[in-house]
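Undergrad: Task: produce atomic coordinates for the following.
(4 chains)
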There are 2 protein chains.
Amino acid sequence: MTKTEKTNKKIKATPEPTLRRLPRYLHLLKFLRETGDKSVSSTYIAKELGFDPTQVRKDIEYTGIVGRPKTGFNIVELISSIEEFLNWKNITDAFLVGTGSLGTAMLGYGRFKDYGLNFVAAFDNNEMKIGKTIHETPVLSMEKLVDLAKRMHINIGVITVPAFAAQHSADLLIEGGIRAIWNFAPIHLKVPEGVLVENAQLTQSLAVLTHKLADAISKD
Amino acid sequence: MTKTEKTNKKIKATPEPTLRRLPRYLHLLKFLRETGDKSVSSTYIAKELGFDPTQVRKDIEYTGIVGRPKTGFNIVELISSIEEFLNWKNITDAFLVGTGSLGTAMLGYGRFKDYGLNFVAAFDNNEMKIGKTIHETPVLSMEKLVDLAKRMHINIGVITVPAFAAQHSADLLIEGGIRAIWNFAPIHLKVPEGVLVENAQLTQSLAVLTHKLADAISKD
DNA sequence: TAGATTGTTAATCGATTAACAATC
DNA sequence: TAGATTGTTAATCGATTAACAATC
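TA: Now for the predicted structure:
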């Protein structure tokens, strides 16, 4: 490798596995904070969650914090660092599309503000639901989605409609200028370049479980 | 590598990324089946879902099906092969612990049988809920969980309780002989060797979304 | 047949794990 | 100080992607 190549190495994007592990550290750290501990080592976190200590240190390094040899990381600082890194300190307004059982459950969860998300409005086609509120979030007609998203500069849309309606919901959100979609429908959304889609598909998780279980049982 | 090593290579477990992609193929294939198509190529699947064709072929290979050069894979056979591989054809009885908003939503989903899961009972501590049914699933007292799990030989437990109650719920399920836990609580469960845990933690998915979005916006 | 697609091996890429000097 | 832990580089591992002969 030439010196130039070495110098020009661009800042790498955070690996997704790292991003997925950070919330797990966060939950453990918040628990430790409760117990009054002041600092924690990567060794401890790793043992507690079943990871490799080096991996934990590398993950933490991405968030920008530095630890101290011998003592480890300051818990309060580390929590702050991770939350900052995931952008969970700036509460982002979001639209939710589809107020079925899952959508209703999400509106009722009430803890999404801890994860930087605030549902300002929900949308549905069902006349019975429009005009009402679900856990204090107003339910509006789908027809209002595009304009309202534009006016409010909404960046995040959450799709909890049935599969057949998901692409249309996505299209509307995108027309409204949304930048990121959290998709719960079991379908691949087609979106233009620049729009982020994160699939929270339960069936993917379930597939891992059922296959591994069948595998384990077959070995009994 | 010696000849012996080559011969003794053990059957590798399916990589998790493969297991997570299979349901995505399945959803697409079911859609294609509706349209009347008879066969599909890995090239087409890859283009449709944004994957690499070779990857699609390798994934499909794990399920044991073989395709035909020039034409590709028979859609009906491929659907069957994937469902078989994920063990979604044998409906497995499952217990659900925690009938809050998420638990209720899951009981109401009604499609889990398509994914090999059948909720035979739900459990809660709330006296108001015990004895009732939620979407036709009876809600029972937590005190009945262990015995009933043993008697019914339940293999899968789904945890939808708040974080503070999750470990206790897991302990009960394990005492009842459960083999696999689908965990929705934002906490790391400690389980004995041999018990599978699959975390369906929404916060992990959300972390990916919020970090990438913040990253994208900062580059505007 | 010609050409598209499979099945499979090899090359690449990226993430995980090991090793260890620096440091508190 | 001695020893535990960090930060970082190197080695390993495994998954993805490229290449291509076999085949329908």
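
Undergrad: next structured bit after the helix or strand containing A:D171?
TA: Element membership for A:D171 (DSSP states H and E) is helix A:163-175. Downstream of helix A:163-175, the first helix or strand assigned by DSSP H and E is strand A:180-183.

Undergrad: Let me see the mean pLDDT of that following strand.
TA: Mean pLDDT, strand A:180-183: 98.

Undergrad: so does it get close to chain B?
TA: Yes: residues of strand A:180-183 contacting chain B under Cβ under 8 Å from any Cβ of the partner chain: A:A180, A:W182. In this view, the C-beta of every residue, glycine as well, is placed from N, C-alpha and C.

Undergrad: re the thing from before, tell me which other helices or strands the helix holding A:D171 touches.
TA: With contacts taken as 3 or more Cβ pairs under 8 Å, 6 or more residues apart in numbering or on different chains; DSSP states H and E, helix A:163-175 sits against strand A:92-97, helix A:145-152, strand A:156-159, strand A:180-183.

Undergrad: got the CA positions of the longest one in CSV?
TA: Read it as helix A:145-152. Extracted in CSV, the C-alpha atoms of helix A:145-152 (Å, rounded to 0.1, in the frame of the first residue of the first chain):
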residue,chain,number,x,y,z
LEU,A,145,-50.6,12.1,4.4
VAL,A,146,-48.6,13.7,1.6
ASP,A,147,-49.4,17.3,2.2
LEU,A,148,-49.0,17.0,6.0
ALA,A,149,-45.7,15.2,5.6
LYS,A,150,-44.4,17.9,3.4
ARG,A,151,-45.6,20.7,5.7
MET,A,152,-44.2,19.1,8.8
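
Undergrad: ok, back up a step: I'd like a version of the helices and strands packed on helix A:163-175 in CSV, one that adds distance to B:P53 and mean neighbour count as further columns.
TA: Shown next, in CSV, are those (distance: least, Cβ to Cβ, whole Å; neighbours: other Cβ atoms under 10 Å in any protein chain shown):
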stretch, distance to B:P53, mean neighbour count
strand A:92-97, 33, 23
helix A:145-152, 36, 16
strand A:156-159, 28, 26
strand A:180-183, 24, 24
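
Undergrad: And the ones you listed: which comes nearest DNA strand D?
TA: Comparison of the helices and strands packed on helix A:163-175 against DNA strand D by Cβ to the nearest atom of the strand identifies strand A:180-183 as nearest, at 19.4 Å.

Undergrad: re the thing from before, quick one: average pLDDT of the helix holding A:D171?
TA: Mean predicted confidence for helix A:163-175 is 98.

Undergrad: for stretch A:104-122, same thing?
TA: Mean pLDDT, stretch A:104-122: 95.

Undergrad: could you measure the closest residue to A:F85 other than its chain neighbours against DNA strand C, distance?
TA: Distance criterion Cβ to Cβ, 6 or more residues apart in numbering or on different chains; nearest residue to A:F85, sequence neighbours excluded, is A:T63 at 4.1 Å. Distance of A:T63 to DNA strand C, given as Cβ to the nearest atom of the strand, to the nearest Å: 15 Å.

Undergrad: Now do the helix holding A:D171 and strand A:92-97, the angle between them.
TA: Interaxial angle of helix A:163-175 relative to strand A:92-97 (axes from the mean of the first three to the mean of the last three Cα atoms, to 10 degrees): 140 degrees.

Undergrad: For helix A:163-175, list every residue counted as buried.
TA: By 16 or more other Cβ atoms under 10 Å in any protein chain shown, the buried positions in helix A:163-175 come out as A:A165, A:A166, A:Q167, A:S169, A:A170, A:L172, A:L173, A:I174.

Undergrad: For the first one, give me its contacts.
TA: In this structure, A:A165 makes contact with A:G98, A:A185, judged by Cβ atoms under 8 Å, 6 or more residues apart in numbering or on different chains.

Undergrad: re the thing from before, with distance to DNA strand D added, can I get the buried residues of helix A:163-175 in a markdown table?
TA: Shown next, in a markdown table, are those (distance: Cβ to the nearest atom of the strand, whole Å):
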| residue | distance to DNA strand D |
| --- | --- |
| A:A165 | 29 |
| A:A166 | 24 |
| A:Q167 | 24 |
| A:S169 | 28 |
| A:A170 | 23 |
| A:L172 | 30 |
| A:L173 | 27 |
| A:I174 | 25 |
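
Undergrad: For DNA strand C, tell me which of these show up nearby.
TA: Contacts with DNA strand C are made by none of those, judged by Cβ under 7 Å from any atom of the strand.

Undergrad: could I get those residues as JSON lines with distance to B:K38?
TA: Formatted as JSON lines, the buried residues of helix A:163-175 follow (distance: Cβ to Cβ, whole Å):
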{"residue": "A:A165", "distance to B:K38": "27"}
{"residue": "A:A166", "distance to B:K38": "26"}
{"residue": "A:Q167", "distance to B:K38": "24"}
{"residue": "A:S169", "distance to B:K38": "31"}
{"residue": "A:A170", "distance to B:K38": "29"}
{"residue": "A:L172", "distance to B:K38": "34"}
{"residue": "A:L173", "distance to B:K38": "35"}
{"residue": "A:I174", "distance to B:K38": "33"}
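
Undergrad: ok, so of the residues you listed, who is nearest A:S141?
TA: Minimum distance to A:S141 across those is 11.5 Å, recorded for A:L172 (Cβ to Cβ).

Undergrad: Which stretches in chain A count as helices?
TA: Using DSSP state H, the helices of chain A run over residues A:3-8, A:16-34, A:42-49, A:53-62, A:75-85, A:101-109, A:145-152, A:163-175, A:202-218.

Undergrad: Quickly list the domain ranges of chain A.
TA: If you go by automatic domain parsing, the domain ranges for chain A are A:16-84, A:92-204.

Undergrad: Stretch A:103-123: which residues count as buried?
TA: For stretch A:103-123, the neighbour count (16+ other Cβ under 10 Å) marks A:103-109, A:112, A:115-117, A:119, A:121-123 as buried.

Undergrad: Ok, which of the domains of chain A comes nearest B:L78?
TA: The nearest among those, by Cβ to Cβ, is domain A:92-204 at 16.5 Å.

Undergrad: related to what we said a few turns ago, which stretch among the helices of chain A is buried most, on average?
TA: Among those, helix A:101-109 has the highest mean neighbour count (mean count of other Cβ atoms under 10 Å in any protein chain shown), at a mean of 22.
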